[in-house]
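Asker: predicted model, plus sequence, below.
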Amino acid sequence: GDEELEARILAAKETLGDRLVILGHFYQRDEVVKHADFVGDSFQLANAALTRPDADAIVFCGVHFMAETADILSRPEQNVILPNLAAGCSMADMADADSVEDCWEQLEELFGTEPDDGGRLPVIPVTYMNSSAALKAFCGRNGGIVCTSSNAATVLEWAFERGQRVLFFPDQHLGRNTAKAMGVPLTEMPMWNPHKVLGGNTEQELLDSRVILWHGFCSVHKRFTVNQIEKARAEFPGVRVIVHPECPMPVVDAADEAGSTDYIRKAIAAAAPGTTFAVGTEINMVNRLAAEFPEHTIFCLDPVICPCSTMYRIHPGYLAWVLEGLVAGEVRNRIVVETDVANHARVALERMLAARP
Ligand code: 13P
Ligand code: SF4
């Protein structure tokens, strides 16, 4: 049962002591989050991996790309463990390295590779953290950078200083919402469909572009609608609607605010008691916020339960299993990024960690 699992996890943690660090994403279920040494958004967890160089094992309760990132940023001797190897991210899977390379070749053919008079390259690739290590490495090799939802605007500014335009992948919504807030007109943000020549665009549309958006999306956040926001406003006058920037643009436009999971948490923590929040993000996080801040009324915009089904695959049973493996001297479910890929990906990640607003 649940209590037995909890006792097993606590016993293994006790034995492992400082040799172990457990990282948990905000979207994990309570029974997992309660065991985490750090809970945060993907940017904070990437940093957290760096703060414990003494730990032998980093158990990442999140999804595959997060564990890969922790492996890239941690010392080679440290073992990064993903309790269930089936915990992937459907958005990250929407941009594969071959399709992005193919896109890049077409863009190079169209734009050339020479910088303009201001020294700006034709295109800077920007990948959302929610992508494979291979794509982060692609960005590292081609003058590009990684962003998360908490620093996307800062990173796009970094890219615009160095390039005439940006190729942004995999999440069209984060790219569009961020660039729009920075004043880039929608007409200068064509979408790239990898199944079509030139991504389904004309040469002129690409030449006039500022941000070329990959066609990926998050299946959790695309469920939120303007209709839900209108209903919330009608039912709860004065409600504050706060959504994640992976939501479609009309939803972000209709909301009062948009920001990363950490942004959402801080906004709620800082609000005057008695505030009503309608939140557009994953349900485990929203429910936990509601429990943590009982002085507010907090509910999820989507009335149908909307967990991230892949995050949910980190069941406490898997956590117990990997921890007991460590106690027995056995590293289960280790995530290893190949050295060459890791070296290039690290370049793109370090550019992100160094980029400041
Ligand atoms: P953040 O934690 O960066 O807000 O991202 C949300 C998410 O979708 C993680 O996969
Ligand atoms: Fe991927 Fe969306 Fe789940 Fe985040 S919430 S891990 S983007 S599927």
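Answerer: It's in. Ligands and ions are numbered 1, 2, ... in the order given.
Asker: how is this protein divided into domains?
Answerer: What automatic domain parsing lists as the domains of the chain is 2-88+310-338, 92-218, 221-300.
Asker: now check the longest one, is it near ligand 2?
Answerer: By that I understand domain 92-218. Yes: counting by Cβ under 6 Å from any ligand atom, ligand 2 is contacted by domain 92-218 at 130, 218. C-beta: built from backbone N, CA, C; applies to glycine.
Asker: what about that domain, how long is it end to end?
Answerer: Start-to-end span of domain 92-218 (Cα to Cα, to the nearest Å) is 9 Å.
Asker: that domain near ligand 1 at all?
Answerer: Yes: on the criterion Cβ under 6 Å from any ligand atom, domain 92-218 is in touch with ligand 1 at 130, 148-150, 218.
Asker: can I get those in CSV with secondary structure, distance to residue 170 and neighbour count?
Answerer: Output for those, formatted as CSV (DSSP: H, G, I helix; E, B strand; the rest coil; distance: Cβ to Cβ, whole Å; neighbours: other Cβ atoms under 10 Å):
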residue, secondary structure, distance to residue 170, neighbour count
130, coil, 7, 28
148, coil, 13, 22
149, coil, 13, 24
150, coil, 17, 19
218, coil, 9, 24
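Asker: could I get those residues as a markdown table with pLDDT?
Answerer: Formatted as a markdown table, those follow (pLDDT from 0 to 100):
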| residue | pLDDT |
| --- | --- |
| 130 | 97 |
| 148 | 95 |
| 149 | 94 |
| 150 | 93 |
| 218 | 97 |
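Asker: turn the domains of the chain into CSV, columns for distance to residue 355.
Answerer: Formatted as CSV, the domains of the chain follow (distance: least, Cβ to Cβ, whole Å):
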stretch, distance to residue 355
domain 2-88+310-338, 11
domain 92-218, 5
domain 221-300, 15
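Asker: for stretch 128-138, buried residues please.
Answerer: 128-138 (16 or more other Cβ atoms under 10 Å).
Asker: mind listing which of those are in strands?
Answerer: residue 128 (DSSP state E).
Asker: tell me the pLDDT at the residue in the stretch 251-357 of the chain that ligand 2 sits nearest to?
Answerer: Proximity of the stretch 251-357 of the chain to ligand 2 (Cβ to the nearest ligand atom) peaks at residue 308, 3.3 Å away. Note on residue 308: pLDDT of 93.
Asker: same check, this time on residue 175
Answerer: You'll see residue 175 listed with a pLDDT of 98.
Asker: measure the residue lying closest to residue 70 once chain neighbours are set aside to residue 134 for me?
Answerer: Distances taken as Cβ to Cβ, 6 or more residues apart in numbering put residue 49 closest to residue 70, at 4.0 Å, once the chain neighbours are dropped. The gap separating residue 49 from residue 134 is 19 Å, by Cβ to Cβ, to the nearest Å.
Asker: with residue 230 instead?
Answerer: For residue 230, the distance to residue 134 equals 41 Å [Cβ to Cβ].
Asker: what about the lowest-mean-pLDDT helix or strand in the chain, distance to the chain center?
Answerer: Using mean pLDDT, DSSP states H and E, the weakest-scoring helix or strand in the chain turns out to be helix 42-51, at a mean of 87. Relative to its parent chain, helix 42-51 has a centroid offset of 12 Å by Cα atoms, centre = their mean, to the nearest Å.
Asker: does it come close to ligand 2?
Answerer: No: applying Cβ under 6 Å from any ligand atom, one finds helix 42-51 separated from ligand 2 by no less than 8.2 Å.
Asker: the closest residue to residue 55 other than its chain neighbours: what secondary structure?
Answerer: In space, and not counting its chain neighbours, residue 55 is closest to residue 21: 4.3 Å by Cβ to Cβ, 6+ apart. Secondary structure assignment for residue 21 (DSSP: H, G, I helix; E, B strand; the rest coil): strand.
Asker: contacts only, for residue 21.
Answerer: Neighbour list for residue 21: 37-38, 48, 52, 55, 57-59 [criterion: Cβ atoms under 8 Å, 6 or more residues apart in numbering].
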